[in-house]
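Asks: Can you look at this prediction? I've put the sequence above it.
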Amino acid sequence: MENENKNTGIKIITGILAVLLVIAGAFAIKLYNQEKNTKAELTKEKQVVLKDLKQMVSKYDAVIEENNLKDTDLNQARDRIQVLIDSVETMEADISVLRRYRDEVYKLKKEREFLFTQNDSLRGMNKMLAMRVDSTTYELEVEQMKRDSLSMEKNKLAEKVALGSSLSASKLRGTGVIQRNSGKLVENDRARRVDKIRACYTVPQNRIAEAGDKELYVQILDPKDQVLGENKTIAIDSVTNVTYSAISKFYYENTSLDICENIDPIGEDFEKGVYKINVYDGGRVIAQTTVVLD
């Protein structure tokens, strides 16, 4: 009887142990599945965090490249996010760590919004400043153009006044002349008989010309373009020289004045041909004519 009771007790204990083993196995399987699901969720959450961070880096890169920014708050923020991405990629999935990273992502998004808004504001200000600079530059260019135009008009007016006040010569006429013993001059166009070439011209009245001592240069060229008479050269300025046959010196009183110069040949006689006569006021030719000796 006692043995039967012992066997019954053993069976009961064995049954209890079997039930406990089944329960423990089921619980272990449940824990394994829960751990597996939790790990999958953590991995998924980790990928979401990485995706958010990489999208932020891409947006920073786009703004930085578009605006050609260097060494700015945007660059520094982009670099911090890249460091965070490297950290997330190498970490083991953990709820507390991921929660901390999610909080960091939220803060970075807020910072990004602030920096982008600030950048847009600066860009707007820069555009306004650029527009103001362009407007100011344009106004300065217009003013410079006006000054240049006024300067040109002033110079033109000065030139006109200078030309208007300059002497001129009119009625220039050249003739060959024979000089009598009495001093009387007789016109002749025979080269072998002519003693001098006579150049006569009129300095017209000019009320705006300054009165005083004046000089005009008479130049006569023979058929070989040799200068007759004094054949001297005077420097008018650094680039202009005039070789003259005679200098007409006179006192000008703003009234019409007739002037004549008698020019000798280079040798004993004049050659046949065309002789050119020029009258200069400084370096400017104010009258020209020719005379032909046969």
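Replies: The structure has been received and is ready for your questions.

Asks: May I have stretch 249-264 exported as PDB, CA atoms only?
Replies: Taking C-alpha atoms only, stretch 249-264 is exported to PDB below (Å, rounded to 0.1, in the frame of the first residue of the first chain):
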ATOM      1  CA  LYS A 249      54.500 140.500 -88.200                       C
ATOM      2  CA  PHE A 250      51.700 143.100 -87.500                       C
ATOM      3  CA  TYR A 251      49.700 144.800 -84.800                       C
ATOM      4  CA  TYR A 252      46.100 143.600 -85.000                       C
ATOM      5  CA  GLU A 253      43.300 146.000 -84.000                       C
ATOM      6  CA  ASN A 254      40.300 143.800 -84.800                       C
ATOM      7  CA  THR A 255      39.900 145.500 -88.200                       C
ATOM      8  CA  SER A 256      40.600 144.100 -91.700                       C
ATOM      9  CA  LEU A 257      44.200 144.300 -92.700                       C
ATOM     10  CA  ASP A 258      46.000 143.700 -96.100                       C
ATOM     11  CA  ILE A 259      49.400 142.000 -96.000                       C
ATOM     12  CA  CYS A 260      51.900 141.200 -98.800                       C
ATOM     13  CA  GLU A 261      55.200 139.300 -98.700                       C
ATOM     14  CA  ASN A 262      57.800 139.300-101.500                       C
ATOM     15  CA  ILE A 263      59.900 136.100-101.600                       C
ATOM     16  CA  ASP A 264      63.200 135.600-103.400                       C
END
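
Asks: list the buried ones in it?
Replies: The neighbour-count check on stretch 249-264 (16 or more other C-beta atoms under 10 Å) flags Tyr252, Leu257, Ile259, Glu261, Ile263, Asp264 as buried. No exception for glycine: its C-beta is placed from N, CA and C like everyone else's.

Asks: What of stretch 223-241?
Replies: Val227, Leu228, Gly229.

Asks: quick one: the last one and Tyr217 touch, right?
Replies: Right, the one you point to is Gly229. No: with contact defined as C-beta atoms under 8 Å, Gly229 does not reach Tyr217; the gap is 10.7 Å.
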